[in-house]
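Novice: Structure for the following, please:
(one chain, ligands or ions: 3)
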Amino acid sequence: MPLKPVHVAVVGVGLVGTELVEQIAKLATAAPRAVHVIYMSSSSRVLYDSRFAPLDLSVWRQQFTQASAAPQIYVLPTVLKSAASGGKRVVLVDCTSSDDIAAKYPDFLNVGIHVVTPNKKAFSGSLALYDEIAGASRATGAKFLNEATVGAGLPIIGTLKDLIATGDKVLKIEGVLSGTLSYIFNEFSTTTGSAGSFSSIVKAAKQKGYTEPHPAEDLSGFDVSRKLTILSRLIPSLRSALPNGFRSVATTSLVPEPLKFVPGSEEFMRRLPDHDAHFEKLRAEAFEEGMVLRFVGVIDVEKREIKAGLEKYPFSHPFATSLSGSDNIIAFHTERYSPRPLIIQGAGAGAAVTAMGVLSDILKV
Ligand SMILES: NC(=O)C1=CN([C@@H]2O[C@H](COP(=O)(O)OP(=O)(O)OC[C@H]3O[C@@H](n4cnc5c(N)ncnc54)[C@H](OP(=O)(O)O)[C@@H]3O)[C@@H](O)[C@H]2O)C=CC1
Ligand SMILES: N[C@@H](CC=O)C(=O)O
Ligand code: NA
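Specialist: Ligands and ions are numbered 1, 2, ... in the order given. Next up, the predicted model:
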């Protein structure tokens, strides 16, 4: 029986959104077309057919460059509701990092539009919004899926949900949860020295598409504390532990004090080299002790302790020897997976693997 198609509205056709549209286009040529893109927007452009006919993905780039109408996020729930008439399955795919769009998820879910997203904002901020999202989803049956918010395409959220749903007890989750910080320290702090200055490696991480739109979000550790918040809310005993979200996670920031309030990423990157000596001192001190630097996150369920920070590990430790590129590594210590934890490792940032995580959620819808 042919698959019932799912109709997607991609909001945020940036690095991840563009790759997602390309992956959907490739899927259509390889298999019976199950995913139709009916709407796409950036912060200044929007492209869709007034009858919500599927967009022709062989020419979307040209059409999108020519599209000029301003996006209408505040009316989008109503617009997509009309696209869902006749029982069509419609999914809002939020590929922005916008708080404003995240705040609208309940409106989409309330009218039966599913939400799939790599954007961490809605799930790592106030518990009130998180509860509103979960409540709207329960009320209408519209799903919200966010696998790509933690570990990009790696099956982290799905695995944690499965462990809990099958009655296992999670004791501790720990690991390297930032692709950007993994890449930076895998290059900057190695068992043999360093591949370059700190700022030049941050620049490379940005060019490779690993960083958040503003790299300070990564260096502040907030991207990691957001991921820890998202995971902790899936653990029943910690669901309400962070009512105000990621800001309550004990987090060590790597942002140099004078750059703390620099709003633009260009100025931030331009001024970062002024602080290379500080990072080099940290690296060299660790190296003298036979240690490397790695940025890790921990959720200790028994102690109700959730923290993110820069740690030192001996040259023989797996974090020093087995990580490379943007690798994430996450260990789930549970009653069943004990004394050896369940470990998931692989690229944890970058357009291809993130879009894959988003697309697999779309296919689940
Ligand atoms: N890069 C990665 O490895 C990973 C990224 N993510 C998440 O994926 C999301 C996207 O990241 P990335 O693609 O790198 O970011 P980009 O900055 O490349 O893309 C963001 C896109 O969102 C658009 N946008 C911003 N505000 C709005 C708005 N109000 N309405 C419509 N469009 C808007 C931007 O438009 P314009 O171009 O006009 O500014 C841009 O097209 C983020 O939430 C990030 O945290 C998650 C896992 C991994
Ligand atoms: N900037 C993030 C992207 C994925 O969430 C990271 O580096 O991990
Ligand atoms: Na994931």
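Novice: pLDDT value on residue 3, please?
Specialist: pLDDT for residue 3: 68.
Novice: Just the buried residues of stretch 131-148, please?
Specialist: By 16 or more other CB atoms under 10 Å, the buried positions in stretch 131-148 come out as 132, 133, 134, 136, 137, 142, 143, 144, 145, 146, 147, 148. C-beta: built from backbone N, CA, C; applies to glycine.
Novice: again, but for stretch 11-23
Specialist: Residues 11, 12, 13, 15, 16, 17, 18, 19, 20, 21, 22, 23 are the ones in stretch 11-23 that count as buried (16+ other CB under 10 Å).
Novice: Could you do stretch 209-224 as well?
Specialist: In stretch 209-224, counting by 16+ other CB under 10 Å, buried: 209-212, 214-224.
Novice: Can you tell me which of the residues you listed lies closest to residue 167?
Specialist: Minimum distance to residue 167 across the buried residues of stretch 209-224 is 28.6 Å, recorded for residue 224 (CB to CB).
Novice: For that closest one, what are phi and psi?
Specialist: Per-residue torsions, residue 224: phi -70, psi -40 (degrees, to the nearest 10).
Novice: Apart from its chain neighbours, what residue comes closest to it?
Specialist: In this structure, residue 224 finds its nearest non-sequential neighbour in residue 308, 4.3 Å apart by CB to CB, 6 or more residues apart in numbering.
Novice: pLDDT at the residue nearest to residue 351 when sequence neighbours are not counted, what is it?
Specialist: The shortest distance from residue 351 to any residue other than its chain neighbours is 4.0 Å, reached at residue 19 (CB to CB, 6+ apart). On pLDDT, residue 19 comes in at 98.
Novice: Just the element for the closest residue to residue 84 other than its chain neighbours, please.
Specialist: Distance criterion CB to CB, 6+ apart; nearest residue to residue 84, sequence neighbours excluded, is residue 90 at 4.2 Å. Secondary structure assigned from DSSP states H and E places residue 90 in strand 89-94.
Novice: Buried residues in that strand, which are they?
Specialist: Under 16+ other CB under 10 Å, the buried positions of strand 89-94 are 89, 90, 91, 92, 93, 94.
Novice: Packing partners of that strand?
Specialist: The criterion is 3 or more CB pairs under 8 Å, 6 or more residues apart in numbering; DSSP states H and E, and the helices and strands that strand 89-94 contacts are strand 6-11, helix 76-83, helix 105-110, strand 114-116, helix 351-364.
Novice: returning to that earlier point: the residue nearest to residue 84 bridge partners, please.
Specialist: With DSSP bridges as the criterion, residue 90 is bridged to residue 7.
Novice: hang on, it packs against residue 10?
Specialist: No - applying CB atoms under 8 Å, one finds residue 90 not in contact with residue 10, separated by 12.0 Å.
Novice: Contacts only, for the closest residue in space to residue 100 that isn't next to it in sequence.
Specialist: Ranked by CB to CB, 6+ apart and with sequence neighbours excluded, the top spatial neighbour of residue 100 is residue 73, at 6.8 Å. Residues in contact with residue 73 (CB atoms under 8 Å, 6 or more residues apart in numbering) are 11, 41, 100, 101, 104.
Novice: How about the secondary structure of residue 73?
Specialist: Classification of residue 73 using DSSP: H, G, I helix; E, B strand; the rest coil returns coil.
Novice: how much space between it and ligand 3?
Specialist: As judged by CB to the ion, to the nearest Å, residue 73 and ligand 3 stand 25 Å apart.
Novice: so how far is residue 152 from that residue?
Specialist: Look at residue 73 and residue 152: by CB to CB, to the nearest Å, they are 24 Å apart.
Novice: same deal with residue 347?
Specialist: Look at residue 347 and residue 152: by CB to CB, they are 7 Å apart.
Novice: which one of those two has more residues nearby?
Specialist: A direct count of neighbours by other CB atoms under 10 Å for residue 347 and residue 152 places residue 152 higher, at 27 against 22.
Novice: wait, doesn't that one sit right on residue 351?
Specialist: No - if you go by CB under 8 Å, residue 152 and residue 351 don't touch, sitting 9.3 Å apart.
Novice: Check the nearest residue to residue 222 once chain neighbours are set aside and give its pLDDT.
Specialist: Closest residue to residue 222 apart from its sequence neighbours, by CB to CB, 6+ apart: residue 246 at 6.0 Å. You'll see residue 246 listed with a pLDDT of 98.
Novice: Could you report the neighbour count for residue 246?
Specialist: For residue 246, using other CB under 10 Å, the count is 25.
Novice: Could you do the one 10 residues further on as well?
Specialist: Burial of residue 256, expressed as a neighbour count using other CB under 10 Å, amounts to 16.
Novice: got the contact list for it?
Specialist: Contacts of residue 256 (CB under 8 Å, 6+ apart): 272, 274, 275, 278.
Novice: Report the two of these separated the most.
Specialist: 272 and 278, at 10.6 Å, using CB to CB across those.
Novice: higher neighbour count, these two?
Specialist: It is residue 272, of residue 272 and residue 278, that has more neighbours when counted by other CB under 10 Å, with 23 against 13.
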